[in-house]
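K.L.:
Show me the folded form of this:
(chains A and B)
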Protein chains: 2
Amino acid sequence: MRKSIAIDMDHVLADIEQQMIKWYSDKYGVQVEAETLKGKPEQEAFPDREKLRDLLFMPGFFRTAAVIEGGIEAVKQLSEDFEVYIVSAAMEFPQSLAEKKEWLTEHFPFISWKNIVFCGDKGIIDTDFMIDDHMKNLNHCKGRGILFTANHNANIDYDVRVNNWKEACDYLYQNR
Amino acid sequence: MRKSIAIDMDHVLADIEQQMIKWYSDKYGVQVEAETLKGKPEQEAFPDREKLRDLLFMPGFFRTAAVIEGGIEAVKQLSEDFEVYIVSAAMEFPQSLAEKKEWLTEHFPFISWKNIVFCGDKGIIDTDFMIDDHMKNLNHCKGRGILFTANHNANIDYDVRVNNWKEACDYLYQNR
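P.N.:
This next block holds a predicted model:
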């Protein structure tokens, strides 16, 4: 039986950090440099946490995010050899549900609707691997957690960390 | 630790059969009697399976469905003693995502967004119990499956069947 992988969307497939910087600048006229985000939770890294949160509810925010480098090719390759599920904690932002589904259809058309999960708490997701940028998700995952590097998690110590999709694939193929 | 339950939406919390009959009549002028649905897959029970499927993509279809009798009180009670997740295979009908979230917010406001899952295949959901009206979901569930009676599953033989929310609660409290 093929091993299963739950792959997070924000910061893992979708470049939400770049999107936050761009939209914060466009909407509020304040330019935040990516380097200053390193090692800080996002809500502390931007000047105003409420304003940052407001962005996440604005139409188009999730829909127009860029894809993280190498993500499409990696997920396409992994889909050949693993049971790949895209698992996003999208339920906190209900308006994002349709946008996230459309975004996946545009960028990852080879992922079936059967393999997409929008949830809140990821604690009931049971897969062999879970790739995520947040410890709150990895802490309760039932399989092998893989921390995907983002600036906000730079200072977190975790036993399996990958810095990009090349490293993620290398790890998964070595452990399948 | 509290035991967990995955509760399906369509035919378990939302009265989709009644909604199909009503909308089929309203849109196509053909009245289908509930009794004729007994023991048949829905797509065979209505005169035209394509027309039936079209209904599922119409705006408002899921949003305006009635709640199955006793569902609200039962889920409220169960939430006191179990970890309750609402798990719907909504991903096949992307336009239903927002409608289903709104429907839950209206009728089940006591269910946190953290406990809602919209997925395709339910095979990666790991809960102690799963209440569903479809064998395709129960067949792959990792915990104890509970078949919730609907006309379409009347002829299916399954070891744990409940006919209404009263029976579902009785079973769950006896086995918690």
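K.L.:
CA only for contacts and neighbour counts going forward, please
P.N.:
OK.
K.L.:
What parts of chain A come near chain B?
P.N.:
A:91-92, A:94-95, A:97-98, A:101, A:113-121, A:124-127 (C-alpha under 8 Å from any C-alpha of the partner chain).
K.L.:
how about a cut-off of 10 Å?
P.N.:
A:4-6, A:85-99, A:101-102, A:112-128, A:142 (C-alpha under 10 Å from any C-alpha of the partner chain).
K.L.:
Which ones among these lie within helices?
P.N.:
Per DSSP state H, helices hold the following members of the residues of chain A next to chain B: A:96-99, A:101-102.
K.L.:
ok, residue A:67 touching residue A:15?
P.N.:
Yes - the pair residue A:67 / residue A:15 is scored as a contact, 5.7 Å apart, by C-alpha atoms under 10 Å.
K.L.:
what touches both of those two?
P.N.:
Contact with both residue A:67 and residue A:15 is made by residues residue A:9, according to C-alpha atoms under 10 Å, 6 or more residues apart in numbering or on different chains.
K.L.:
Could you tell me whether residue A:169 really is in a strand?
P.N.:
No - counting by DSSP: H, G, I helix; E, B strand; the rest coil, residue A:169 falls outside a strand, being helix.
K.L.:
List the residues that contact it.
P.N.:
Residues near residue A:169 by C-alpha under 10 Å, 6+ apart: A:74-75, A:77-78, A:162, A:175.
K.L.:
Residue A:147 should be in a strand, yeah?
P.N.:
Yes - residue state for residue A:147 (three-state DSSP) corresponds to a strand.
K.L.:
need the next SSE after the helix or strand of chain A with the lowest mean pLDDT, C-terminal direction.
P.N.:
Across the helices and strands of chain A, mean confidence by mean pLDDT, DSSP states H and E is lowest for helix A:42-45: a mean of 86. Next helix or strand after helix A:42-45 toward the C-terminus (DSSP states H and E): helix A:49-55.
K.L.:
Return the list of helices and strands in contact with the helix or strand that that following helix is followed by.
P.N.:
Toward the C-terminal end, the helix or strand that comes next after helix A:49-55 (DSSP H and E) is helix A:71-81. Other helices and strands packing on helix A:71-81, by 3 or more C-alpha pairs under 10 Å, 6 or more residues apart in numbering or on different chains; DSSP states H and E, are strand A:4-7, strand A:83-88, helix A:165-174.
K.L.:
export these to JSON lines and tack on mean pLDDT?
P.N.:
Formatted as JSON lines, these follow (pLDDT from 0 to 100):
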{"stretch": "strand A:4-7", "mean pLDDT": "98"}
{"stretch": "strand A:83-88", "mean pLDDT": "98"}
{"stretch": "helix A:165-174", "mean pLDDT": "98"}
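K.L.:
export these to CSV and tack on distance to residue B:136?
P.N.:
CSV is the format used below for these (distance: least, C-alpha to C-alpha, whole Å):
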stretch, distance to residue B:136
strand A:4-7, 19
strand A:83-88, 18
helix A:165-174, 29
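K.L.:
quick one: which of the ones you listed is nearest residue B:41?
P.N.:
strand A:83-88 (28.2 Å; C-alpha to C-alpha).
K.L.:
As PDB, could you dump the C-alpha coordinates of that closest one?
P.N.:
Coordinates of each C-alpha in strand A:83-88 appear next as PDB, following Å, rounded to 0.1, in the frame of the first residue of the first chain:
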ATOM      1  CA  GLU A  83      -1.300   9.000  -1.600                       C
ATOM      2  CA  VAL A  84      -1.100  12.700  -1.500                       C
ATOM      3  CA  TYR A  85      -3.700  14.800   0.400                       C
ATOM      4  CA  ILE A  86      -3.800  18.600   0.500                       C
ATOM      5  CA  VAL A  87      -4.900  19.400   4.100                       C
ATOM      6  CA  SER A  88      -5.600  23.100   4.900                       C
END
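K.L.:
I'd like to check the angle between that strand and helix A:71-81, please.
P.N.:
Calculated by axes from the mean of the first three to the mean of the last three C-alpha atoms, to 10 degrees, strand A:83-88 forms an angle of 140 degrees with helix A:71-81.
K.L.:
Pairing partners for strand A:83-88, with directions?
P.N.:
Paired with strand A:83-88 in the same sheet, following DSSP bridges, are strand A:4-7 (parallel), strand A:116-118 (parallel).
K.L.:
what is the mean pLDDT for the last one?
P.N.:
This points to strand A:116-118. If you average the pLDDT over strand A:116-118, you get 97.
K.L.:
ok, residue A:34 - contacts?
P.N.:
Residue A:34 neighbours (C-alpha under 10 Å, 6+ apart): A:17-18, A:21, A:45, A:151.
K.L.:
Mind putting the residues you listed into CSV with secondary structure?
P.N.:
Output for the contacts of residue A:34, formatted as CSV (three-state DSSP):
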residue, secondary structure
A:17, helix
A:18, helix
A:21, helix
A:45, helix
A:151, helix
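K.L.:
From those residues, which shows the smallest pLDDT?
P.N.:
Scanning these for pLDDT, the smallest score is found at residue A:45, 88.
K.L.:
Roughly how far does residue A:173 sit from residue A:2?
P.N.:
12 Å (C-alpha to C-alpha, to the nearest Å).
K.L.:
Spit out the residues that contact these two alike.
P.N.:
A:81-82.
K.L.:
What residue spans form the domains of chain A?
P.N.:
A:4-15+A:66-174, A:16-55 (automatic domain parsing).
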